[in-house]
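Asker: with the input below, show me the fold.
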Amino acid sequence: MDDESLEAEPEGELDVTAQESPVPAEGPKKQDETQREIGNQAVWSLSSCKQGFGVRELRDGSLHTYWQSDGPQPHLVNIQFHRKTAVSQVRLYIDYTQDESYTPQKLSVRVGTTFHDLREVVTQELQEPDGWVVIPLDADKGVMRTHLVQVAVLSNHQNGRDTHVRLVQVYSPLQPLLPAAAPFTTKECAAFGCIR
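Answerer: Have a look, this model is predicted:
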């Protein structure tokens, strides 16, 4: 397995998520004010890639660059967080008009603590996608807490072998800074109801 990795904001390296980009970094339409992109907090790796078409191009915010796999299917994007992280959705920018047989047709999203305990939470079939593909991870609760998210390209359009994905973003719900204060009913407890 040919791995290329990019850790979030490594010392002495360029932070590819902070560059100006011609594509809206917020993903589809307008950024949801209840979500934030957390990909810069993760370590990214790929199952394979052609030289010059790796993690840096997948995360650079440009529609003109892309990750191109180089090997047998499934093609994998691994997103590892240093601690258990709340993840609500994964967004991929895929362009059938430019990539044709390189365009993913069937995707699987798996989550777990390590590579050994991954479980599939979503599979999605795509029909000639052109733009952002939003994959919610847990429709019931709206969020999933995990150390590892793996996006697997199981098949491509026109039975293509390698794949192109232009951008991948991972989103988490915004958490309030302070929990809502409980209403105190007694005088003794009310004295501890605020911070000075």
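Asker: for the chain, give me the ranges with low pLDDT.
Answerer: 1-32, 139-140, 176-184, 193-196 (pLDDT under 70).
Asker: give me the nearest residue to the residue nearest the centre of it, chain neighbours excluded.
Answerer: To find the centre residue of the chain, average its C-alpha atoms and take the closest one (C-alpha atoms, centre = their mean): that gives Val170, at 2.7 Å. Of all residues not flanking Val170 in the chain, Gly39 sits nearest, at 4.8 Å (C-beta to C-beta, 6 or more residues apart in numbering). (C-beta placed from N, C-alpha, C; glycine too.)
Asker: do Val111 as well
Answerer: Across the structure, with C-beta to C-beta, 6+ apart as the measure, the residue nearest Val111 apart from its sequence neighbours is Thr146 (4.2 Å).
Asker: so what's the backbone phi/psi at the residue nearest to Val170?
Answerer: phi -60, psi -30 (degrees, to the nearest 10).
Asker: mind checking how far it is from Ser155?
Answerer: Gly39 is 25 Å from Ser155, where distance means C-beta to C-beta, to the nearest Å.
Asker: how about Arg145?
Answerer: Taking C-beta to C-beta as the criterion, Arg145 is separated from Ser155 by 29 Å.
Asker: quick one on the thing from earlier: the helix or strand harbouring the residue nearest to the centre of the chain: partners in the sheet, and parallel or antiparallel?
Answerer: If you go by DSSP states H and E, Val170 is part of strand 167-173. Paired strands of strand 167-173, with direction, are strand 35-37 (antiparallel), strand 89-95 (antiparallel) (DSSP bridges).
Asker: tilt between the helix or strand containing the residue nearest to Val111 and strand 167-173?
Answerer: Using DSSP H and E, Thr146 sits in strand 144-156. Between the direction of strand 144-156 and that of strand 167-173, the angle (axes from the mean of the first three to the mean of the last three C-alpha atoms, to 10 degrees) works out to 150 degrees.
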